[in-house]
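1. Need a 3D model of the sequence below.
(2 chains)
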Amino acid sequence: MNIFDNYLSKINEIILDNKKLLKLTTLDNLVNINLEVPPDHLDYDLSSNVSLVLAKTNKLNPINLASEIKNLLLKKESHFEKIDVARPGFINIKLSNDALVFNINKILKNKDTFGSKKYKKTYNIEFVSANPTGPMHVGHCRGAIFGDVLSNLLSFNGNKVVREYYINDYGNQIRNFVESVYLRIREIKFKEKFVVKENLYPGDYIKDIAKNIIKDNKNINVENFKNCYEELKKFSLKASMALIKDDLKKLGIEHDNFFSESELVKKNLVNITVKELQNRNFVEEGYLDPPKGEIPKNWKKVKRLIFKSTKFGDDADRALQKNDGTWTYFANDVAYHSDKISRKFDNLINILGADHTGYIKRITAAVSALSNKKVKMDCKVCQLVKLYKNGQPFKMSKRAGDFISVKELLNEVNKDSIRFMMLNRSNDAELDFDFEKVKEKTKDNPVFYVQYAYARINSISRTLKISLNDQISINVKTFQPNEYEHKIIRKIFEWPKIVESAANKLEPHKIPFYLYELSTLFHSYWSKGNEDSKFKLIQNGKIIKEDSLAFIYLIAIVIKNGMTILGVSLPEKM
RNA sequence: GCGCCUGUAGCUCAACUGGAUAGAGCGCUUGGCUACGGACCAGGAGGUUCUGGGUUCAAAUCCUAGCAGGCGCACCA
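-> The predicted structure is shown next:
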């Protein structure tokens, strides 16, 4: 339930029913009418631009129209107790006590679903898709958490979400990776020195993979790289995927589907997909222009198959074949997306790192081409994460090219803090992540601040010997919220709006920001009793004003629903 | 040279897809508070939303021309 939606449709209905009375000739921009949270300094519950929107197309004076609408609404909707018109034509609405009680009781009754909707769409969300050549590093972390929480958010809204991981287990990098493992095995077995060459993976984890392969497969013959390649590849990939899955698990992330690139090649899906595009005239044989700017030394003009992605908004047409005629990474990816389309999702979402921004246009172009523009694909980009320790840039690299792994990060800070902080910023903005800040137990640390609010609420329930799962309700006759409680009610009513906007815009960062604000209201409410004893909640182990319990419950409900979406735990004691 | 992202208080960032007096935290400043009912709270100062044009009842938000920073730009993945 979303009270803004509910009352907005009532307002729309009333307007429609009284079209003549209001002298409205056209209502074609009804969709632009909104019902929103009034500015902070005004003492109202709802605020609408109805009159401004309707006055424009009907060429009426917005203030006059607003006061006519005001009278009409006061007559037709009993939940509206007071309405005022504000320049240039807004109407501000105060809900009656009955309305507040009605809505609050509804929330108290439907705790777990408060804020959610029942959309029933299907989503495929591809995220992480880190190359299976080693463990995850911090760069993957943000996108991983973003994708996971976005999935939670969309599921919370009643959608069906498939979390997918595309395994890039094909191509040269895999060959290099396997060769690295191969050389490490020889290092162990034959005491050959591992010489770091370009393109080889030097990391210590390769040694561990090598050791384990030797341990589990005593008979493996590593005399000749070519002969043992396939077998070694199988073991190496399995090992590196195990590392990645372990990292993901520790971050609280689990994918539903792992899609292998080499399987896709094996099934001949690339050829089939390219042929399909050829048939529809989106592929041609030709030459590509050299890259703009500085032309690389080994640039060659080669005849090849090209996808005409400029037809779908890309800046240039894209190669499907490499210089040697084999398929490009992009060609494989087009086939992969063709497979996604065939699985009939309503929406496709890809979560990418900032370094893949340039890839978006071509792959969305491919999806448009493959689906006749019917399937919608959104690509969300997560900007870079910069690590800090006590305000200083933090680098662990012993050698250039080394990275900070997720494991190292988890050694420093816990999963909850990482998840919350990685989302506490718009995905479009770069993110500074300070190890020490995140460990602080102060207001500086938003994770703590929200968790602390919940812990305090639990201390109340312990004192009163009640459970937050208890079913309570409030009574119209006794209900008399004070100004602080009124603020809380309004904030709580806002929650479904936050969820909806976060889901629609694919911007989960709105959730932690909101939770922080809600926690502020709670801490403030809690502290009021110290300044003025009439605001005290508990005395001698008993609740003073029965209704104040409702506010505690409301806050607990929303914090819990919010943190569940974020995948961050809520300790009852801290 | 081209594309995408960013530019908002001293610093780090919000602003519900065009709304009202642009909000938080940190820092600064004034006050309260022996603790799971002070890990906090209340108040104050702090703004030409990068710049110039445009669109309209209304612009941080949309269009346009610039400026500054980040990421990327054959093939590779």
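
2. For A:Tyr165, grab phi and psi.
-> Here is the backbone geometry of A:Tyr165 (degrees, to the nearest 10): phi -130, psi 120.

3. Distance check, it against RNA strand B.
-> With distances defined as Cβ to the nearest atom of the strand, to the nearest Å, the gap from A:Tyr165 to RNA strand B amounts to 14 Å. Every C-beta, even on glycine, is put in place using the N, C-alpha and C of the backbone.

4. Identify the bridge partners of that residue.
-> When bridges are assigned using DSSP bridges, the partners listed for A:Tyr165 are A:Phe258.

5. list the contacts for it?
-> A:126-129, A:255, A:257-259 (Cβ atoms under 8 Å, 6 or more residues apart in numbering).

6. Centroid-nearest residue for chain A?
-> With distances taken as Cα atoms, centre = their mean, A:Leu150 lies nearest the centre of chain A, 2.9 Å away.

7. which bits of the stretch 151-300 of chain A sit near RNA strand B?
-> By Cβ under 7 Å from any atom of the strand, the part of the stretch 151-300 of chain A that sits against RNA strand B consists of A:168, A:170-173, A:288, A:290-293, A:296, A:298-300.

8. Buried among those residues? Need that as a selection in ChimeraX.
-> The following ChimeraX line selects those of those that are buried, judged by 16 or more other Cβ atoms under 10 Å:
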select /A:168,170,171,173
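
9. so which one among the residues of the stretch 151-300 of chain A next to RNA strand B has the lowest pLDDT?
-> The member of these with the lowest pLDDT is A:Gly293, at 65.

10. before we move on, back to that, out of the residues of the stretch 151-300 of chain A next to RNA strand B, who's nearest A:Leu409?
-> Taking Cβ to Cβ as the measure, A:Leu409 lies nearest A:Asn168 of those, at 22.7 Å.

11. Let me see the contact set for the closest one.
-> The neighbours of A:Asn168, taking Cβ under 8 Å, 6+ apart as the test, are A:129, A:131-132, A:174, A:261, A:329.

12. For the closest residue to A:Phe259 other than its chain neighbours, give its distance to A:Lys215.
-> With Cβ to Cβ, 6 or more residues apart in numbering as the measure, A:Tyr166 is the residue that lies nearest to A:Phe259, at 5.2 Å, once sequence neighbours are left out. For A:Tyr166, the distance to A:Lys215 (Cβ to Cβ, to the nearest Å) stands at 30 Å.

13. So for those two, which sits in the more crowded spot?
-> The neighbour count for A:Tyr166 versus A:Lys215, taken as other Cβ atoms under 10 Å, is higher for A:Tyr166 (22 against 8).

14. Am I right that the more buried one is in contact with A:Tyr336?
-> Yes - with contact taken as Cβ atoms under 8 Å, A:Tyr166 and A:Tyr336 are classed as touching, separated by 6.3 Å.

15. Give me the common contacts of these two.
-> With contacts defined as Cβ under 8 Å, 6+ apart, the residues adjacent to both A:Tyr166 and A:Tyr336 are A:259, A:261.

16. what's around A:Ile360, how many residues?
-> A count of neighbours around A:Ile360, defined by other Cβ under 10 Å, yields 17.
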